[in-house]
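Enquirer: Need a 3D model of the sequence below.
(chains A, B and C)
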Amino acid sequence: MAMDDFFSQVYKVVVKIPCGRVTTYGAIASCLGSPGAARMVGWAMNASHTSSRYVPAHRVVNRNGLLTGKHHFDTPVAMQELLENEGIVVVNGQIANFKDCFWDPSSELSDK
DNA sequence: TAGCTGACGCCCT
DNA sequence: CAGGGCGCCAGCT
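Expert: Modelled structure (predicted):
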């Protein structure tokens, strides 16, 4: 894993997100050491398709629990469908039990 | 080569 | 309580 790129850092965290759980851009950025680099996390997601590894970008939402990047998927509903498929309740493009299914990498990942 | 944008977040007014 | 502005790093034009 010589990929020390910022992108790969994000990929590793996102891929480790448990099924039925979601995380936020800020949480990942903060876990990487740059809380203000949340934008960059989104940018990494955009490049996620360039990664040899599958990156469940649908599990990554903004701090409001809103599916901001749904429009970047093959279909604007793909993200919601995937989340609902994992048992996550999505209403109006927003996660209903967001705090309930929220997964903090800087806490859960750090503890592991 | 330099500048701008980009799937965001937090602080200040 | 609400709105606006600034900060982060990297890729693309």
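
Enquirer: and the residue nearest to residue A:83 when sequence neighbours are not counted, how far is that from residue A:13?
Expert: Nearest residue to residue A:83, sequence neighbours excluded (CB to CB, 6 or more residues apart in numbering): residue A:90, at 5.0 Å. To be clear about C-beta, it is placed using only N, CA and C from the backbone, and glycine gets the same treatment. Separation of residue A:90 from residue A:13 (CB to CB, to the nearest Å): 22 Å.

Enquirer: before we move on, what about residue A:42?
Expert: In terms of CB to CB, residue A:42 sits 14 Å off from residue A:13.

Enquirer: Contacts for stretch A:82-92, please.
Expert: Contact with stretch A:82-92 is made by A:19-20, A:22, A:56, A:58-59, A:67, A:80, A:95-97, A:101, as judged by CB atoms under 8 Å, 6 or more residues apart in numbering.

Enquirer: Residue A:17 touches residue A:58, doesn't it?
Expert: No - if you go by CB atoms under 8 Å, residue A:17 and residue A:58 don't touch, sitting 9.9 Å apart.
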